[in-house]
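Colleague: after the sequence you'll find the predicted model.
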Amino acid sequence: MLGVHPGVLVVLVLLISAFISPVLDQFKFKRFSIFAIGVSGIVFALSIITILRVNSLGVEYYHFGGWTPDKGIEFIFGELEALMLLLVSGMFFVVYIYNQKKIRAEISKHLRGWYFTLAFMLQASLSGLILTNDLFNMFVFIEISALTTVALISINENRDTVFASIKYLFLTAVGSSSVLFSIGLIYLLTGYLNMDLAGMELIELAGMYPAASSMAMLFMFFGLAMKSALFPLHIWLPDAYYSAPTISTAIMAGIVGKAYIVVFIKVFYKVLSINFFEQTNLANITVIMAGIAIIFGSLFAIGQTKIKRMLAYSSVAQIGYIFLGIALATESGLTGGILHIINHSIIKTLLFLTVGVIIIYTGAENIIDFQGAGRKYPFTMILFSLSALAMVGIPPLNGFMSKWTIAMGTLEAEKPLYLVIIILSSLLNGVYYLPIIIQSFFGGDEELGYNWEFKRLGFKIILPLITLAALILLIGIFPSYPINYINRIVFSLIS
Amino acid sequence: MKFRDTIVSIITRFMLPFITLFGLYLIVHVHLSPGGGFSGGTVVGAGFVLLSLTYGISMQERKFSHRTSTLIESGGALIYIILGISAFIYGQPFLSNLPIFPAGTPGRLFSGGFIALLNIAIGVKVASTIVALFDSLGGEDLH
Amino acid sequence: MIDIVVHPNIYYFASIVLFLIGFYILLTHPNLIKKVIGLNVMDSAIFFFFVAVGFVSDGGSPIVEAGSEALTVNPVPSGLMLTGIVVSVSVTAFALAIIIKVYQHYGTINVEEIYVVRSEREC
């Protein structure tokens, strides 16, 4: 079977499962959770095979239908794509294992089959989005992921989800239309839809047609920034993260946002690199926007009363860090940015999963209700504290490594103002995370002892939390393995 | 929408076979003229919606029930993927057309490999989607 | 007959103007359904743009007879836009379904009134 590549099988397996799920739902299938764990486990194994294969064989291309790249669609299996595919598959696998008992009960019973259909479609489109090397194929996957994300938010119908989902739908549709317009302009200029070929053509054409290629870059930037929630286009993010059920929020925060940032890196380093970095000033403007996002995200987070909104604004700030690293375009900057994509995905997912346990099991929604939660659920709050400290950037944890590398990038690019901004915002991060940690362990009623919750939650909820926490510690203590791998990616992108 | 208008019901009864036939023509002649699975499927779906508008939702339930439409939707997509996977057996990448399926002479109906088969699957899926959309957005409450 | 000479890029200008009109409708009208209409106008502008990209002047329709080498219009962008139209229809259908739910929960589909209802609930 020579035409089979494990990466393509990832997308195919997910699509087949997505289309089988409604049929199973019609036949009153009950065990969707186990089906989801099985499918995502297979996909995770396939993505591990992919990354091992890329490590040994190098970059590979897969041409659909046997057509050559100038006419057909191709998938590229490079280092960046394999790494991000592993991240997406791993995160979905972890979230599906976490989806047990009371947490699963947040979604009403008759909608559960459709929830997993949507989640499989979302994972298929995100995997395809990361792997594709064709611009219009990328647009189709962007649209599929946008629609399924909105559906995942609005799966429970109440006032908040309905409002958040209509807002998100309009803004993301505007972003997609913008991206499509830009793809049309790139096709008009170069005649190719393949990213590599269009990039090579644009290197000469950007000088000949500066207005048209700058317009293409601007529309693409607007669309992708709207979807990645870069300040000031982050409006949809707090409402969407706050009102969605716990698993949907974990999926959105940890995975969906990161896939769009990977698309941003691929398009702006391969296709539009001349326009973005040399011809116009957009790279500097992105750096400024990222700096504002870092400060204002943390400032907005301090004043929040509900915990999920606070975590959402914290996400806005962290996305600012990632864009700062990407737009600086130095070696350390881009390394730090890509490393922070991975780190933030793990940390934010762990934060939302632990907060989800406390929200569902105790009904606490406001930050004030977290007083004493550390004594009722000590293990969960210990993991919350670990991930909060990683987010602030305390040394032996992974957040410190990525922030340090981005800071090195700002010095390499000779913009020391952003080093000050990074340090200042780390302090601001501490301002809103540390009180929760302290209040949860030492606040509230004084007489209760520590009530370890392993029996109450069960093995299947504890296991994903431990895995993510272990990853936080491992990447923090042994950062050389991921950083060496990412250096190879950066070398191929920047040269 | 229970009242029956004489003119509308007579004309619907007359037009419906032609609408469906035109939709099927659009679907199958995808490689010979403009059209294809999407537009042809929409026309066929619109025919079913016309049936529902004229005679009420119960008639359409009889012809094309909710369970059937769910199975056909998934079935259409799965047939598409299976046709693409069939290329794996010959060692070709996904969705390979010409080395495997017979090409025929250009301009005739049986040519172009499996493009017509793919579009039949797409057309079936789109038609059932249009019917399902109309059901959930505008039809009477079934549950 | 008066020969009116138009700029050769007139289709691109028209599509950009239409895009901006649709965007303006989406941004300014407070009624949610009018915002959906604005979104549709934006998408139609993009379809128009793509089809104009494929246009070859003095080209015939892209139906190829066996063995003839006539100059034809590029059919690839039109084919891409079939997918784009389907995506636009899906987004419109989904938006309208959510707007029905918004009306059931808030009693209005005017964005400004929805904000008033939400802020009253917070107090």
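Modeller: Yes, it's here.
Colleague: I'd like the distance from the residue lying farthest from the centre of chain B to A:S440, if you could.
Modeller: Here chain B reaches farthest from its C-alpha mean at B:G91, the gap being 30.8 Å by Cα atoms, centre = their mean. Using Cβ to Cβ, to the nearest Å, B:G91 is found at 59 Å from A:S440. To be clear about C-beta, it is placed using only N, CA and C from the backbone, and glycine gets the same treatment.
Colleague: ok, B:G35 next?
Modeller: 63 Å.
Colleague: and these two? Which one has more around it.
Modeller: Just comparing B:G35 and A:S440: by other Cβ atoms under 10 Å in any protein chain shown the higher neighbour count belongs to A:S440, 27 against 21.
Colleague: what's the helix or strand for the more buried one?
Modeller: Secondary-structure element containing A:S440, defined by DSSP states H and E: helix A:416-442.
Colleague: list the buried residues in that helix.
Modeller: A:418, A:421-422, A:425-426, A:428-430, A:432-433, A:436-437, A:439-441 (16 or more other Cβ atoms under 10 Å in any protein chain shown).
Colleague: by contact count, what packs against that helix?
Modeller: helix A:282-302, helix A:307-328, helix A:373-376, helix A:378-392, helix A:398-412 (3 or more Cβ pairs under 8 Å, 6 or more residues apart in numbering or on different chains; DSSP states H and E).
Colleague: just how off-centre is the very next helix or strand once past that helix within its chain?
Modeller: Reading on from helix A:416-442 to the C-terminus, the next helix or strand found by DSSP H and E is helix A:454-457. Counting by Cα atoms, centre = their mean, to the nearest Å, helix A:454-457 is centred 29 Å from the centre of its parent chain.
Colleague: if we can go back for a sec, where does the residue farthest from the centre of chain B sit: helix, strand or coil?
Modeller: Put simply, B:G91 is coil when judged by DSSP: H, G, I helix; E, B strand; the rest coil.
Colleague: which bits of chain C sit near chain A?
Modeller: C:12, C:19, C:23, C:26, C:32, C:35, C:39, C:42-43, C:46, C:49-50, C:53, C:77, C:80, C:83-84, C:87, C:90-91, C:94-95, C:98-99, C:101-102, C:105-106, C:114, C:118, C:121 (Cβ under 8 Å from any Cβ of the partner chain).
Colleague: can you tell me which of those are buried?
Modeller: Buried among those by 16+ other Cβ under 10 Å: C:12, C:19, C:23, C:26, C:32, C:35, C:39, C:42-43, C:46, C:49-50, C:53, C:77, C:80, C:84, C:87, C:91, C:94-95, C:98-99, C:101-102, C:105-106, C:114.
Colleague: count the residues that sit near the residue lying closest to A:L126 once chain neighbours are set aside.
Modeller: Distance criterion Cβ to Cβ, 6 or more residues apart in numbering or on different chains; nearest residue to A:L126, sequence neighbours excluded, is A:A259 at 4.5 Å. A count of nearby residues for A:A259, using other Cβ under 10 Å, gives 27.
Colleague: A:A259 is in what secondary structure piece?
Modeller: Going by DSSP H and E, A:A259 is in helix A:257-266.
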